[in-house]
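[1] how would this look folded up:
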Amino acid sequence: MSKKVSLITIDGPAASGKTTVAKLLAERLNYKLLESGALYRLVTYCVIEKKMFEKVLSKEVDVISFLKEVFNEVEVRLGSKGTQILWKRKKIDKELRFKEVEDKVSFIAAIPEVREFLTTYMRNLVDKDRIIAEGRDMGSVVFKDADLKIFLTADEKIRVQRRYKDHVGSLSLEEAKKNVVLRDELDSKRKVAPLKIPNDAYVIDTSELTPEEVVDKILEKIKAYEKGVV
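    Residues are numbered from 1 along each chain as shown. Here you go, the predicted structure:
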C-alpha cells in the first residue's frame with residue numbers, strides 16, 4: 001500500500017549542506033520550507049537590536065515574555081523558496097547573516113526557554129502537509145512523527161571550507177574553523193534538544209556529493225517510502 005510523504009525533516013551539523021539541500025528539494029517537490037535556523041537567527045538579531053543579549057543570556061528578564069513581545073511583531077511566511085520573515089512589517093533577510101548574529105546565535109539557541117518557545121511556535125506554524133523542516137532538531141524533537149527524517153553529515157575540514165566560502169570577506173579560514181567547532185560543541189552539548197541523529201533517520205554523508213546528488217538520494221528514499229519499501 002502506497003504512502004504519501006507529507007512532512008520531511010532535514011537535520012545536521014553546521015555547514016553540512018542542510019539549507020542548500022532543503023531549498024533544492026522544496027523547489028523540486030513544490031513543498032513549503034521551514035528553515036528553523038532563520039527563526040533562531042531572528043531571535044538573536046532582535047536580542048542584539050534591543051541590546052538585551054546579556055540580560056536574556058543571564059535570564060535577568062523573563063525570556064518567554066520577552067519572546068512573546070518580540071513575536072507579536074513577527075510574521076513568518078512559508079513557501080517553496082524558503083522561509084520569509086517580517087519584523088515590524090520589515091523583511092528581515094541579510095540581517096540574519098550579520099557576523100554578530102553568526103557569533104551569538106548558538107548561545108541564544110542553547111537557552112531552554114528559547115527552544116521551548118520556538119518548538120511550540122514551529123509546530124503551530126505548519127499544517128504538516130507538504131512541508132520540509134530543516135534544522136538541528138527537527139526530526140529528533142520538533143517533528144518526531146515526520147514521515148521521513150534525513151540527517152546530513154560531512155567531514156569537519158570540508159564543513160570549514162564551506163563555511164569559509166559562504167562568508168568570504170567576513171570570515172578568515174581560521175575564524176571559519178572556530179565558528180564550526182564552536183557551533184558543533186554548543187549544539188551537541190546543550191542540555192535541551194542537543195544535536196543528534198534521530199533513530200529512524202536516513203543518514204547521508206555529503207562530503208563528496210554535490211547538493212543535487214544529495215537531493216537525488218533523498219528523492220529515491222521518498223519513492224521507496226511511498227511504495228511502502230521503507
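[2] How about the secondary structure of residue 133?
    The three-state label given to residue 133 by DSSP: H, G, I helix; E, B strand; the rest coil is strand.
[3] Setting aside sequence neighbours, what's the nearest residue to it?
    Residue nearest to residue 133 in three dimensions, not counting chain neighbours: residue 34, with 4.5 Å by Cβ to Cβ, 6 or more residues apart in numbering. Any C-beta I mention is one placed from the backbone N, CA and C, and that applies to glycine too.
[4] helix/strand/coil for that neighbour?
    Per three-state DSSP, the secondary structure class of residue 34 is strand.
[5] Show the contacting residues for it.
    Residues in contact with residue 34, defined by Cβ atoms under 8 Å, 6 or more residues apart in numbering, are 78, 83, 122, 125-126, 131-134, 138.
[6] Quick check: it vs residue 185, distance?
    25 Å (Cβ to Cβ, to the nearest Å).
[7] ditto for residue 65
    From residue 65 to residue 185 the distance is 30 Å (Cβ to Cβ).
[8] Same question for residue 159.
    Residue 159 is 13 Å from residue 185, by Cβ to Cβ.
[9] So these two - more neighbours on which side?
    Neighbours per residue, other Cβ atoms under 10 Å: of residue 159 and residue 185, the larger number sits with residue 159, 26 against 11.
[10] what helix or strand is that one on?
    For residue 159, the enclosing helix or strand under DSSP states H and E is helix 156-166.
[11] who does that helix touch, helix- and strand-wise?
    Helices and strands touching helix 156-166, by 3 or more Cβ pairs under 8 Å, 6 or more residues apart in numbering; DSSP states H and E, are helix 173-189.
[12] what's the angle from the helix it packs on to helix 156-166?
    If you take axes from the mean of the first three to the mean of the last three Cα atoms, to 10 degrees, helix 173-189 sits at 120 degrees to helix 156-166.
[13] What residues of helix 173-189 count as buried?
    For helix 173-189, burial by neighbour count (16 or more other Cβ atoms under 10 Å) applies to 175-177, 179-180, 183-184, 186-187.
[14] And stretch 103-117, what's buried?
    Neighbour-count burial for stretch 103-117 [16+ other Cβ under 10 Å]: 104-111, 113-115, 117.
[15] Quickly note the distance from the residue nearest to residue 133 to residue 9.
    Distance from residue 34 to residue 9, by Cβ to Cβ: 9 Å.
[16] anything in contact with each of the two?
    132-134, 138.
[17] Next, format the residues you listed as TSV and append neighbour count.
    Output for the shared contacts of residue 34 and residue 9, formatted as TSV (neighbours: other Cβ atoms under 10 Å):
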residue	neighbour count
132	28
133	29
134	28
138	30
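[18] would a markdown table of those residues with distance to residue 170 and pLDDT be doable?
    Putting these into a markdown table (distance: Cβ to Cβ, whole Å; pLDDT from 0 to 100) gives the following:
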| residue | distance to residue 170 | pLDDT |
| --- | --- | --- |
| 132 | 28 | 98 |
| 133 | 28 | 98 |
| 134 | 23 | 98 |
| 138 | 27 | 97 |
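[19] of all the residues you listed, which two lie farthest apart?
    For those, with distances taken as Cβ to Cβ, the pair at the greatest spread is 132 and 138 (9.1 Å).
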